[in-house]
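Trainee: Predicted model follows, preceded by the sequence.
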Amino acid sequence: MLHGMVIQMNDGQLQTLAQLQAFLDGTTAVDFALSAEERYGFIGRTVRRFGYWRLKRAQKAVVLRFLERVSGYSRQQLTRLVKRGGEPGALLKRYRGSRASFASRYTLADVLLLAHTDSLHGTLSGPATKKLMERAWGLYGDRRYERLSGISVAHLYNLRQRSGYQRHRQVWTKT
């Protein structure tokens, strides 16, 4: 299974737009493991720290590219968030899941395990993948597959559509 490394990012060293540009030139996408509220707070603090509203267009683009790279949000989503959040507390999640929603049966770890299994076996059909996971749990006793061993084929395809799966399992084909 894929294991992630936890790194605490200290972005306090990035004080100028030139430093921000150097950071962008030297890194690839970073996965943020924060809740949406914490992520929104980070975006708001960064916008205020660099004085986004008084920057020129090219400089604003550098700040937006930095936020896009670090937060994982799309450029459009960041534009909406930045437009909303000029002052502290303005960037709050406006939506909330209903209180009566069902608990998720399959965790992100299960989705990542499915992505890992698919990468090892070349994304087999749903029934074949289901059988592999049943055997991993039943025959070999691999505890990681305990929940996935009882999954229906239809729900397996649903898990393959989740963003966590899509992020870790991208398949490129010729056109």
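Mentor: Thanks, I have the structure now.

Trainee: ok now do the closest residue to Glu134 other than its chain neighbours, which residues does it touch?
Mentor: Taking C-beta to C-beta, 6 or more residues apart in numbering, and ignoring the residues beside it in sequence, Glu134 has Ser149 as its nearest neighbour in space, at 4.9 Å. The C-beta positions use only the backbone N, C-alpha and C, and glycine is treated the same way. Contacts for Ser149 (C-beta atoms under 8 Å, 6 or more residues apart in numbering) come out as 133-134, 136-138.

Trainee: out of the residues you listed, which are buried?
Mentor: Burial by neighbour count, 16 or more other C-beta atoms under 10 Å: within those this picks out 133, 136-137.

Trainee: now, which of these sits nearest Gly122?
Mentor: Lowest distance from Gly122 to the buried ones among the contacts of Ser149 (C-beta to C-beta) belongs to Met133, with 15.2 Å.

Trainee: What's the separation between that closest one and Arg144?
Mentor: 9 Å (C-beta to C-beta, to the nearest Å).

Trainee: do the same with Lys60
Mentor: 45 Å.

Trainee: now swap in Gly72 and tell me
Mentor: The span separating Gly72 from Arg144 equals 25 Å under the rule C-beta to C-beta.

Trainee: Contact partners for the residue of the chain positioned farthest from its centre?
Mentor: Of all residues in the chain, Leu139 has its C-alpha farthest from the mean position, at 33.2 Å, by C-alpha atoms, centre = their mean. If you count contacts by C-beta under 8 Å, 6+ apart, Leu139 has none.

Trainee: Quick check: phi and psi at it.
Mentor: Reported as degrees, to the nearest 10, the phi and psi values for Leu139 are phi -90, psi -40.
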